[in-house]
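[1] next comes the sequence, and after it the predicted model I'd like to discuss.
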Amino acid sequence: MTPTANLPWLARTRAALWHPCTQMKQLAATPPLPIARGEGPWLIDYDGKRYLDAISSWWVNLFGHANPRINAAIVDQLGKIEHVILAGCTHAPVVELSERLARLTGLGHAFYGSDGASATEIALKMSFHYWRNTGQPAKTAFVSLKNGYHGETLGALSVTDVAIFKDTYAPLLRQSHQAMSPDWRLAEPGENHEAYALRAAADLESHLGKHAATTAAVIVEPLVQGAAGMAMYHPVYLTRVRELCDRYQVHFIDDEIAMGFGRTGTLFAFEQAGIRPDFVCLSKGITGGYLPLSVVLTRDTIYDAFYDDNTARGFLHSHSYTGNPLACRAALTVLDIFEEEAILAANFAKTNQFTSILAEVAAHPRVSHFRNTGMIWAFDVADAMSGFSADFHRRALMRGVFIRPIGNTVYFMPPYVIGDTEMRLLAETTLALLDR
Ligand SMILES: *Cc1c(COP(=O)(O)O)cnc(C)c1O
């Protein structure tokens with residue numbers, strides 16, 4: 001095990017900081033892994049022991065740790081300007097990034113935040129403010145999906161539906177409506193994924209039919225509900241959400257914070273439904289997992305409703321690090337890598353290859369609902385006991401794999417630089433842990 005004695009600061013981590021998403025008392029039994037450096041899909045501790053980063057460091061990393069191209073771009077930018085206020089100033093990286101994202105999404109007017117949750121807040125506020133500016137101030141409600149996740153600041157948590165994160169804070173939150181999830185695991189026997197997605201869309205329709213006059217927007221995670229445990233669904237659901245939002249005059253907010261930048265196989269998940277949302281929220285992979293950056297893109301017609309002589313009709317929201325140049329350069333390099341290294345085509349081949357490597361896992365008697373979308377694989381362990389997730393995590397670490405099941409769902413969401421050998425390690429480790 002790790003030589004804690006040689007790392008005096010490791011023992012102090014519990015006293016010095018409050019780790020995220022962690023009951024600090026449990027950290028006494030399972031101390032965090034001290035990471036010295038990273039290399040491609042690997043995390044390396046102070047003994048030189050390597051751990052395969054099978055969850056892309058919480059879904060952010062795309063092209064590996066210490067990626068030479070992204071490193072070089074950030075170093076180059078450091079010699080120019082590290083940060084400048086974006087109110088009253090502008091800079092080349094933020095303009096170029098905004099233009100490229102607009103070309104790629106068909107939406108524009110990039111508004112930047114730092115974390116994913118702030119992008120959710122921005123989209124919710126913009127939607128409400130649009131309706132107010134256009135004479136419909138009664139449209140103040142939001143609809144999201146059962147088991148959906150959009151971040152944990154109070155506004156974002158109001159549209160999140162994960163009990164462990166939400167219930168405690170319920171008295172602080174605005175009410176919002178959760179429509180039926182299109183998660184195909186919930187289909188009736190004999191009902192296919194598409195039929196189930198359409199049934200879920202009918203549930204949304206019945207809500208909008210009654211409440212459209214007071215509803216500003218529907219917010220969804222496209223194709224995969226990540227924090228719900230990689231719940232996957234048929235793209236027809238998104239097509240129907242688009243139709244319903246048009247019919248009932250409600251905005252469609254597409255939260256691609258986790259699923260954007262190639263995770264689902266296409267650059268953005270909404271492409272698979274042949275639609276365009278009213279707002280797209282991006283973060284996580286946008287900088288390749290290097291720096292916090294988020295952005296909301298929207299339609300011209302929405303932007304135009306804010307454009308006025310009256311200051312208060314404008315969108316006066318701000319964050320200190322809005323449009324940080326270092327983060328924008330990392331993001332521009334991510335887009336260069338996608339284009340110049342034909343990443344989506346390469347990932348398409350990897351998806352097929354890894355799915356076949358995982359065939360034995362999929363067929364394991366303890367495994368149910370084996371599923372895959374793009375560069376995400378997941379399955380449920382039907383007979384998982386309480387403590388399964390922490391136990392699986394700990395035993396995988398001993399075998400050199402960093403993985404964090406969600407409840408009884410084990411998932412792989414590796415950096416795109418993962419290769420055949422590493423994928424086999426993941427499959428072998430998983431089989432060994434399942435067999436025990
Ligand atoms: C992670 C996530 C967020 C929140 O992003 P943070 O950077 O953690 O605030 C919002 N929406 C989705 C779908 C996410 O996966």
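    Cool, the structure landed.
[2] what's around the residue of the chain found nearest the ligand, how many residues?
    Nearest residue of the chain to the ligand: Gly116, at 2.0 Å (CB to the nearest ligand atom). Using the backbone N, CA and C atoms, a C-beta is placed for each residue, glycine as well. Gly116 is flanked by 28 other residues according to other CB atoms under 10 Å.
[3] with Gln77 instead?
    Other residues close to Gln77 by other CB under 10 Å number 22.
[4] got the residues of this structure near the ligand?
    Contacts of the chain with the ligand, taken as CB under 6 Å from any ligand atom, map to 115-117, 120, 149-151, 221, 226, 255, 257-258, 283.
[5] including secondary structure, could those go into CSV?
    Output for the residues of the chain next to the ligand, formatted as CSV (DSSP: H, G, I helix; E, B strand; the rest coil):
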residue, secondary structure
Asp115, coil
Gly116, helix
Ala117, helix
Thr120, helix
Tyr149, coil
His150, coil
Gly151, coil
Glu221, coil
Gly226, coil
Asp255, strand
Ile257, coil
Ala258, coil
Ser283, coil
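[6] center of this structure - which residue?
    Ala258 (1.5 Å; CA atoms, centre = their mean).
[7] who's in contact with the residue lying closest to that one once chain neighbours are set aside?
    Using CB to CB, 6 or more residues apart in numbering and skipping residues adjacent in sequence, the residue nearest Ala258 is Gly226, 4.5 Å away. Neighbour list for Gly226: Trp59, Tyr149, Ala258, Met259 [criterion: CB atoms under 8 Å, 6 or more residues apart in numbering].
[8] pipe these into JSON lines and attach pLDDT and distance to Asp435 per row.
    Putting those into JSON lines (pLDDT from 0 to 100; distance: CB to CB, whole Å) gives the following:
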{"residue": "Trp59", "pLDDT": "98", "distance to Asp435": "28"}
{"residue": "Tyr149", "pLDDT": "98", "distance to Asp435": "32"}
{"residue": "Ala258", "pLDDT": "98", "distance to Asp435": "31"}
{"residue": "Met259", "pLDDT": "98", "distance to Asp435": "32"}
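[9] closest one of those to Leu10?
    The nearest member of the contacts of Gly226 to Leu10, counting by CB to CB, is Trp59 at 25.2 Å.
[10] ok, that closest one - contacts?
    By CB under 8 Å, 6+ apart, Trp59 lies in contact with Gly226, Ala258, Arg263, Lys284, Gly285, Met413.
[11] if we go to 10 Å?
    116, 226-227, 257-259, 263, 283-285, 289, 376, 411, 413 (CB atoms under 10 Å, 6 or more residues apart in numbering).
[12] okay if I get those as TSV plus distance to Arg436?
    Conversion of the contacts of Trp59 to TSV gives the following (distance: CB to CB, whole Å):
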residue	distance to Arg436
Gly116	36
Gly226	27
Ala227	27
Ile257	35
Ala258	30
Met259	33
Arg263	30
Ser283	37
Lys284	33
Gly285	33
Gly289	32
Ile376	25
Tyr411	19
Met413	23
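[13] can you pick out the most distant pair from those?
    Top of the distance list for the contacts of Trp59 (CB to CB): Ser283 and Tyr411, 19.3 Å.
[14] who has more neighbours, the two?
    Ranked by neighbour count (other CB under 10 Å), Ser283 and Tyr411 place Ser283 first, with 29 against 21.
[15] let me know the pLDDT of the more buried one.
    For Ser283, the pLDDT comes out at 98.
[16] from memory it sits against Leu293, does it?
    Yes. Between Ser283 and Leu293 there is a contact under CB atoms under 10 Å: 6.7 Å.
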